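Chemist: Sequence plus the predicted model coming up.
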Amino acid sequence: MSQQRALLIGNSDGIGLAFTEALLRENWSVTGLSRSTVPEGEVAQGSGDYVHITCDVLDATYRGQLERACETRGPFDVVVHLVGVGYGLKDDNFAREAETFRTNLISMVELVEVVFPTFLAAGRGHLIGLSSIADDLLMADSPSYGASKSGYSSYLKALGLAYRARGIAVTNVRFGFVDTKMAKGKIRPLMISTAKAVLVLKRCIAGRPAQSTYPKAAGGAVRVLRWAQNLRIWFA
Ligand SMILES: NC(=O)c1ccc[n+]([C@@H]2O[C@H](COP(=O)([O-])OP(=O)(O)OC[C@H]3O[C@@H](n4cnc5c(N)ncnc54)[C@H](OP(=O)(O)O)[C@@H]3O)[C@@H](O)[C@H]2O)c1
């Protein structure tokens, strides 16, 4: 079987770094993109080959970097969007609200604009996006994070419906808390390790589901919370 190729957006830390290491151990050809590089020792451990693109997804060069990656390192079997930020809305400071949408959501839309034509030309491809169970919540302490993930999930699920019949799979992944620097709050129920998150992503590559929520109990808890939030809105 020929070597499989992955493009990972946002892979210098957290889930993305753990997933990079896992794919390289399994002999994948991996291209990663993030503002910082991946520690050299980490990518040297696997038998696969690795190329890093140092780029900010908010930068005007992002699209060109994606196009070049597709030309020189593609066609990709799997493209995974892992970029995410969550600044919270503290002290009435609105300075990072638009940045959160651009980083979490618009960078995915730009990725689709570049990668989908290559998937269509190849007649195959799998896009995986890391949303969150927060897509179902009204997050008063971080409205832009919750809303960006809500739009993200809606976009990916619709895209998946539109293209599944043409051989292209889209998987919307909804984690609860994962043990990375992003999950920095004091209360982190049902938190999972990055190793467990990697297993979930590998299962997504194998099964190509439209959506994967993990842990399921966290997804259920969020649905109950959202129902309570709806009651508060109706009676406000
Ligand atoms: N951790 C959780 O509890 C949790 C739960 C549910 C969903 N998620 C989602 O899972 C994804 C990964 O989260 P994580 O916990 O692994 O986060 P993380 O440890 O903070 O890693 C985020 C990655 O995104 C990259 N990134 C951030 N801003 C970027 C930018 N402007 N341009 C390019 N790359 C950028 C970072 O690299 P550089 O800083 O080097 O650019 C880093 O590699 C996110 O989408 C997050 O919303 C996480």
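Modeler: Thanks, I have it.
Chemist: is it true that Gln65 touches Ile53?
Modeler: Yes. In terms of C-beta atoms under 8 Å, Gln65 counts as a neighbour of Ile53; the distance is 5.2 Å. Any C-beta I mention is one placed from the backbone N, CA and C, and that applies to glycine too.
Chemist: what about the strands in the chain?
Modeler: Taking DSSP state E, the strands of the chain run over residues 5-9, 29-34, 49-54, 78-81, 125-132, 168-175, 211-214.
Chemist: What residues does the protein have near the ligand?
Modeler: Within reach of the ligand by C-beta under 6 Å from any ligand atom, the chain has these residues: 10-16, 34-36, 56-58, 82-85, 103, 130, 132, 175, 177-178, 180-183.
Chemist: Keep only those of the residues you listed that are in helices.
Modeler: When DSSP state H is applied, these are split such that Gly14, Ile15, Gly16 fall in helices.
Chemist: Tell me, how many residues neighbour the closest residue to the first one other than its chain neighbours?
Modeler: Once flanking residues are discounted, Gly14 sits nearest to Thr180: 3.4 Å by C-beta to C-beta, 6 or more residues apart in numbering. Counted with other C-beta atoms under 10 Å, residues neighbouring Thr180 total 19.
Chemist: correct me, but Thr180 touches Ile15?
Modeler: Yes. Counting by C-beta under 8 Å, Ile15 is a contact partner of Thr180 at 6.2 Å.
Chemist: if I look at the two, which residues touch both of them?
Modeler: Residues touching both Thr180 and Ile15 (C-beta atoms under 8 Å, 6 or more residues apart in numbering) are Thr194.
Chemist: Now for this protein, the helix or strand with the poorest mean pLDDT.
Modeler: Across the helices and strands of the chain, the lowest-confidence element by mean pLDDT, DSSP states H and E is helix 40-44, at a mean of 75.
Chemist: what's the pLDDT at the residue nearest to Gly14?
Modeler: pLDDT recorded at Thr180 is 97.
Chemist: same question, Lys186
Modeler: We have a pLDDT of 84 for Lys186.
Chemist: What separation is there between it and Ile233?
Modeler: 27 Å (C-beta to C-beta, to the nearest Å).
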